[in-house]
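give the three-dimensional model of this entry:
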Amino acid sequence: MELPNKDLGTLFEQLGLASDPASIDTFIAKHYPLADDVKVSEAPFWNQAQAAFLKEELLEDAEWAPVVDELNVRLHENKPA
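Numbers count the residues shown, from 1 in each chain. Purely as a prediction, here's the structure:
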């Protein structure tokens with residue numbers, strides 16, 4: 001059995017958050033922008049389990065790491081004017 005592709009929707013499901021595109025956009029808009037010196041896994045809005053999951057995935061360059069990186073970019077990037 002092949003596992004489903006990992007994307008922001010499945011990451012949000014893994015984190016126990018609403019995972020439809022509108023909910024993801026709302027979450028990012030609510031928490032954007034993270035300060036440049038705040039790692040995505042250390043953001044204050046995660047609970048302890050969510051933060052630990054994100055940190056572990058990035059440190060181990062695990063299967064979720066590319067999607068966590070994508071979320072990191074979306075929370076830090078400069079929005080176009």
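
buried sites along stretch 51-58?
A51, F53, L54, K55, E57, L58 (16 or more other Cβ atoms under 10 Å). In short, each C-beta sits where N, CA and C put it, glycine included.

show me the contacts for the most centrally placed residue in the chain.
Nearest to the mean C-alpha position of the chain, counting by Cα atoms, centre = their mean, stands L71 at 3.9 Å. By Cβ atoms under 8 Å, 6 or more residues apart in numbering, the contact set of L71 is L8, L11, I28, V40.

filter the residues you listed down to the buried ones.
With burial judged by 16+ other Cβ under 10 Å, the buried subset of those is L8, L11, V40.

now the closest residue in space to N72 that isn't next to it in sequence: phi and psi?
In space, and not counting its chain neighbours, N72 is closest to V40: 4.0 Å by Cβ to Cβ, 6 or more residues apart in numbering. In terms of degrees, to the nearest 10, the main-chain angles of V40 are phi -60, psi -40.

contacts only, for V40.
By Cβ under 8 Å, 6+ apart, the residues touching V40 are L34, L54, L58, V68, L71, N72, L75, H76.

now those residues as CSV including distance to L17, pLDDT and secondary structure?
Shown next, in CSV, are the contacts of V40 (distance: Cβ to Cβ, whole Å; pLDDT from 0 to 100; DSSP: H, G, I helix; E, B strand; the rest coil):
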residue, distance to L17, pLDDT, secondary structure
L34, 16, 94, coil
L54, 12, 97, helix
L58, 18, 94, helix
V68, 13, 96, helix
L71, 11, 96, helix
N72, 16, 96, helix
L75, 13, 95, helix
H76, 18, 93, helix
